[in-house]
Structure formats: structure tokens, C-alpha cells
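Trainee: dropping the sequence and predicted coords here.
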Amino acid sequence: MAGDRQQTTDPRVGSSRRRVLAAGALAPLLAAAPTPARAHPAVLPTASGGGSKLIDPVQTTRADWKDVAKALGRTGDIKRKMMYHIGLPRRDLRVVSQRINVTAPLALGSHVSFVRYADDSTLLMGDVVVTEPELQDFVDVLQEHGIGLTALHKHLLSHRPDVWWVHVHGHGHDPVALARGLRAAFDCTATPPPATHDLAVKVHLDTARIDRALGAKGSVDEGIYKCVFVRRERITDHHLVLPPGLGSTSALNFQALGHGRAAISADCCMIASEVQDVLRALRRAGAKLVELHNHGLTDSPRLFFVHFWAVGDAVRLARALRPALDATDVIPAG
């Protein structure tokens, strides 16, 4: 009797028995569960089953993208011999930020690029301007067509009407399907058709001195002076090698305000170790910080972007902003 009482009252025995019963109950569940490492491989396999092997982009011509242009309803041009680039500026919008009338090429330009790869797949990446009422439907249609959203953010400080910038990402072996999905999403917006008239506008700024201050030769886009820089490193998006400048540029856009003054809307591309030095340099230059964020999900090295805004004498601002660029590993875009 004493032995029986000890069996039923010893807490160690009861605890041990409960552990055995719990383990027995969990065994079927554990046996059915996938091994985490197998369910979520660290590196996606390539289309050819080559494991973590990187895939390079290939050169293309405009003729290679005629079906994409037809499906999208827009023609583009070839940049850096590899990117089929289409610009879709929001000339329909009248946006005011910091009491400045923002023109489309200053900060309201949607851009998408298609890149062909050695495995005959196609990458779609872009940055699209949508109004707040357009935003949710635009994203829903992208998702319906298998196109992802990788960033949602602002390029401007307090502004009216409310505008958002959406980074889009798609990858597959049917570029026309990607173009059709993108077209369906754009059809949810009031993005206007391409301009049919000459948009050449003279820039009333001392561009030669701006070039010397920044150490780069800029270009004119509908009256906006643009200086663009690209990262020196090889940038990858998962197993795809990105062409130089795709999703990894720093760009300063100057809109003339008269008497040598300009509004600057700009974006600086950084790796993590550069971020704080750049932010400090921007504030010392008098620039207003707008947003610090990522554009991609699987880029390597991991890239960060800061949008900033400045208004003042264009040449003095260019000189003041140069240290922010010098704090990053970039070169002028060719």
C-alpha cells in the first residue's frame, strides 16, 4: 500500500508521465511537419536547376521588345545596352510641395524597365507614381497578374494632391504577360499617353558650374537638369545580376526657379555603412530629408535610399551636396 501511494503522489513520476504522453501526442504532428531547411531553401534555384549560380543579363535591341511595347501600349528605348526602359511621366498632375509647383520630370516620372537574361527569363522593375485614390486598385491589379510590390513611399514632403511612389517587380519567361499585367494596372490610373509634341525646354541654370561642383556631366529632360550616378559594385537581385544602374542609382534633379535658384528633388543610393555619413552630409548642406527606405527585397549588397529636397542657389547647393555623394561608392552614369 505504501508503494502504491508513493507511485500516485510522487510529483516527479506524474511529471515524467505527462511528458511521455505529450510527446506521444505530438509525434504524428512532428512527423508530418516539413524540415524548415527543406521547406525554405536559403537560395532559390535557377531555372536550369543550377543552385545558387548567378545569371547575367544579355544585350537586346528595341526590336526584341516590339511585342512588349504593343502589349504595354508604350514604346521605350534601350539604356546601357540591356534595359528596355519606358518613361510614363504624370503630366496630368498639378502637384505643389513646399510652395513649389513640381513638374513631371522633377519628381513625377514613372519608369519601368525590362531586362532579358541568359536563361531567357525577363525581369521587370519600376517606380510608378500614383495618386492616393488610385493606389489600392493599382496594387490589387498588379497582384492579380503576379507582379509584386517591393516599396511604397514618398519622394516629396507635404504636398497636394497626395501622391505615392510604388516600386514594382516581376520575373518570368513571358515578358508579354508581364507587360499586359502592367498595362492593366496603369489602366486603373490617369497616367496620360506619351506626349506627341516636342518637349525640348532650355534650362535656365549654370549647368557647367553644377557639373564641376558635382563632378558629373548632367543632361536635360524637359527643362529639368539631371545628374545621375551608379554604384560601382555588382548588384544582384536574388540569382539575377542587375545591369549597372537598374534600381541602384543616385540622382539629383534641378528645377530652375529663376535668378540661379533651383528646387532639387533627389535620391541617394547607399549601403548600410554609408547611411549615417550621407544623412549628416545632407543636413549640413541644408537639405530636407524625406524618406529613408529600401527599393528591393532581395538585393545584394543590401541597398538603402534617401529621398531629399533642397531649394536655393543651384551651384551653391551642388557644392554643398557633393560630400553626400562622396560618402558613397558611386561614379557618374555613362
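Mentor: Perfect, thanks for sending it. Numbers count the residues shown, from 1 in each chain.

Trainee: buried residues, stretch 282-295. List them.
Mentor: The neighbour-count check on stretch 282-295 (16 or more other C-beta atoms under 10 Å) flags L282, A285, A287, V290, E291, L292, H295 as buried. In this view, the C-beta of every residue, glycine as well, is placed from N, C-alpha and C.

Trainee: ok, these vs K66, which is closest?
Mentor: The closest of the buried residues of stretch 282-295 to K66 turns out to be H295 (C-beta to C-beta; 28.5 Å).

Trainee: low-confidence ranges in the stretch 51-200 of the chain?
Mentor: Low-confidence segments of the stretch 51-200 of the chain, defined by pLDDT under 70: 51, 196-199.

Trainee: can you map out the strands along it?
Mentor: In the stretch 51-200 of the chain, the strands defined using DSSP state E, counting those that start in this stretch lie at 77-79, 83-89, 95-97, 100-102, 109-116, 122-131, 148-153, 159-160, 163-172.

Trainee: can you list the strands that the first one pairs with?
Mentor: Okay, so that is strand 77-79. Its sheet considered, strand 77-79 pairs with strand 83-89 (antiparallel) by DSSP bridges.

Trainee: please apply the same query to the last one.
Mentor: The strands that strand 163-172 pairs with in its sheet are strand 122-131 (antiparallel), strand 148-153 (antiparallel) (by DSSP bridges).

Trainee: could you work out the end-to-end span of stretch 189-200 for me?
Mentor: Taking C-alpha to C-alpha, to the nearest Å as the measure, stretch 189-200 stretches 26 Å from start to finish.

Trainee: who touches the spatially most central residue of the chain in this structure?
Mentor: Nearest residue to the geometric centre of the chain (C-alpha atoms, centre = their mean): H295, 3.1 Å. Counting by C-beta atoms under 8 Å, 6 or more residues apart in numbering, H295 touches D127, T150, A151, H167, G247, L303, F305.

Trainee: try it again with 7 Å
Mentor: Each residue near H295 by C-beta atoms under 7 Å, 6 or more residues apart in numbering is listed here: T150, A151, H167, G247, L303, F305.

Trainee: export those to TSV and tack on neighbour count and distance to D326?
Mentor: Formatted as TSV, the contacts of H295 follow (neighbours: other C-beta atoms under 10 Å; distance: C-beta to C-beta, whole Å):
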residue	neighbour count	distance to D326
T150	19	28
A151	17	26
H167	21	27
G247	23	22
L303	18	18
F305	22	17
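
Trainee: which of the residues you listed sits closest to D137?
Mentor: Nearest to D137 out of the contacts of H295 is H167 (C-beta to C-beta; 17.3 Å).

Trainee: angles on the backbone of G218, please.
Mentor: Main-chain dihedrals, G218, degrees, to the nearest 10: phi -90, psi -180.

Trainee: separation between it and L252?
Mentor: As defined by C-beta to C-beta, to the nearest Å, G218 lies at a distance of 8 Å from L252.
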